[in-house]
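*Asks:* What shape does this take:
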Amino acid sequence: MNDILTIINELGINKRFMPYIYIPLLIAIVYKPLMSFKHDIKRNRINKLKEAYDFNEHDENTKKYFKHSLSEEYFKLVTGLSFSFGQQEKLIELYLKNKTPVAFHHYKRVAEYFKFDDDQNIVSIKIPFFFAEFIGWCSAIIGFSLLEYSLLFIYKLLTIQKIENSYLIWATGFIIFFSLMSFFGLYCILKPYYIYKSSVFVNKQIGSSEFTCLYHWALSKKFRKLRPFRLLFYIFIPILGLLLNCLILFLS
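*Replies:* Sure, this is the predicted structure:
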């Protein structure tokens with residue numbers, strides 16, 4: 001513990017922020033057992049449905065219900081998507097359309113924005129502004145902040161003149177931690193963009209050319225062969241991330 005405190009003092013990290021370091025480490029430790037437990041629960045439900053389906057005394061409608069329920073559970077287990085049997089069929093039908101030009105992971109990225117018409121066909125995708133697109137912008141701002149913050153402390157750690165051997169392991173651990181933080185920041189930046197790209201790909205497969213979000217609209221607006229609205233996203237979001245980072249450093 002003294003070694004950790006020494007490294008913290010060298011880096012200038014406020015001790016109030018230590019819970020934000022310990023919590024991710026704890027999550028990393030318990031993640032695998034929790035995922036294994038979750039998988040066992042899913043398999044247990046499938047086994048019960050298979051047992052019920054194999055029972056021969058059910059009437060035809062009940063048998064059909066168990067068949068569809070089993071299909072839904074297998075579909076959820078394999079793809080991670082939860083849809084009714086009819087919606088599954090329409091999704092696979094859309095995926096196979098035109099010899100599957102759009103990879104399935106694009107459908108998974110935008111599945112939460114799927115809407116179905118009365119015939120269970122997937123309609124043109126629209127990313128909600130307040131509950132999705134705005135959150136995506138906030139995610140990108142936080143991502144830039146984390147990226148800048150972690151790279152700053154990695155730089156400070158590498159520029160420490162001398163680290164004693166007893167502190168070297170902890171110093172290496174901090175480098176790894178802040179490197180992971182920077183990758184997480186990069187993930188927060190790229191995730192909204194990947195969702196946008198996937199929504200465009202899936203809309204093309206549907207046969208729609210409608211705008212999926214404000215960023216999509218901004219890309220189409222040109223002024224003297226330039227796209228100034230797009231620059232608003234590329235400039236102001238990183239600047240807001242930098243300001244958030246400055247605020248964190250000021251408070252610490």
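*Asks:* Mind naming the longest helix for the chain?
*Replies:* Of all segments of type helix in the chain, defined using DSSP state H, the longest is helix 165-206.
*Asks:* by contact count, what packs against that one?
*Replies:* If you count contacts as 3 or more CB pairs under 8 Å, 6 or more residues apart in numbering; DSSP states H and E, helix 165-206 packs onto helix 2-11, helix 19-54, helix 85-96, helix 104-109, helix 134-158, helix 214-220. In short, each C-beta sits where N, CA and C put it, glycine included.
*Asks:* how about a cut-off of 6 Å?
*Replies:* Applying 3 or more CB pairs under 6 Å, 6 or more residues apart in numbering; DSSP states H and E, we find helix 165-206 packed against helix 2-11, helix 104-109, helix 134-158.
*Asks:* With mean pLDDT added, can I get the ones you listed in TSV?
*Replies:* Shown next, in TSV, are the helices and strands packed on helix 165-206 (pLDDT from 0 to 100):
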stretch	mean pLDDT
helix 2-11	56
helix 104-109	93
helix 134-158	81
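*Asks:* most packed of those?
*Replies:* helix 134-158 (a mean of 18; mean count of other CB atoms under 10 Å).
*Asks:* That one vs helix 165-206, what angle?
*Replies:* Taking axes from the mean of the first three to the mean of the last three CA atoms, to 10 degrees, one finds helix 134-158 and helix 165-206 inclined to each other by 150 degrees.
*Asks:* Pipe the helices and strands packed on helix 165-206 into TSV and attach distance to Pro128 per row.
*Replies:* Shown next, in TSV, are the helices and strands packed on helix 165-206 (distance: least, CB to CB, whole Å):
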stretch	distance to Pro128
helix 2-11	40
helix 104-109	15
helix 134-158	9
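*Asks:* relative to helix 85-96, how tilted is the longest helix of the chain?
*Replies:* Compare the direction of helix 165-206 with that of helix 85-96 by the same axes, to 10 degrees and you get 90 degrees.
*Asks:* Below-threshold pLDDT in the stretch 1-150 of the chain: ranges please.
*Replies:* Within the stretch 1-150 of the chain, the segments meeting pLDDT under 70 span 1-22, 24-25.
*Asks:* how is the chain carved up into domains?
*Replies:* The chain is divided into the following domains under automatic domain parsing: 2-22+127-251, 27-113.
*Asks:* winner for burial among the ones you listed?
*Replies:* Ranked by mean neighbour count, the domains of the chain are led by domain 2-22+127-251 with a mean of 15 (mean count of other CB under 10 Å).
*Asks:* wait, which of the domains of the chain is closest to Gln120?
*Replies:* Of all the domains of the chain, domain 27-113 sits nearest to Gln120, with 4.6 Å by CB to CB.
*Asks:* mind checking the end-to-end distance for that closest one?
*Replies:* 28 Å (CA to CA, to the nearest Å).
*Asks:* From the chain's centroid, how far away is stretch 70-88?
*Replies:* Put simply, stretch 70-88 sits 20 Å off its chain's centre (CA atoms, centre = their mean, to the nearest Å).
*Asks:* end-to-end on it?
*Replies:* Stretch 70-88 has an end-to-end distance of 12 Å (CA to CA).
*Asks:* who touches that stretch?
*Replies:* 42, 46, 49, 53, 68, 111, 116, 120 (CB atoms under 6 Å, 6 or more residues apart in numbering).
*Asks:* any idea which helix or strand carries Ser82?
*Replies:* Assigned by DSSP states H and E, Ser82 falls within no helix or strand.
*Asks:* Can you report phi and psi for it?
*Replies:* Backbone torsions for Ser82, taken as degrees, to the nearest 10, come to phi -110, psi 100.
*Asks:* Distance check, it against Ser69.
*Replies:* Separation of Ser82 from Ser69 (CB to CB, to the nearest Å): 12 Å.
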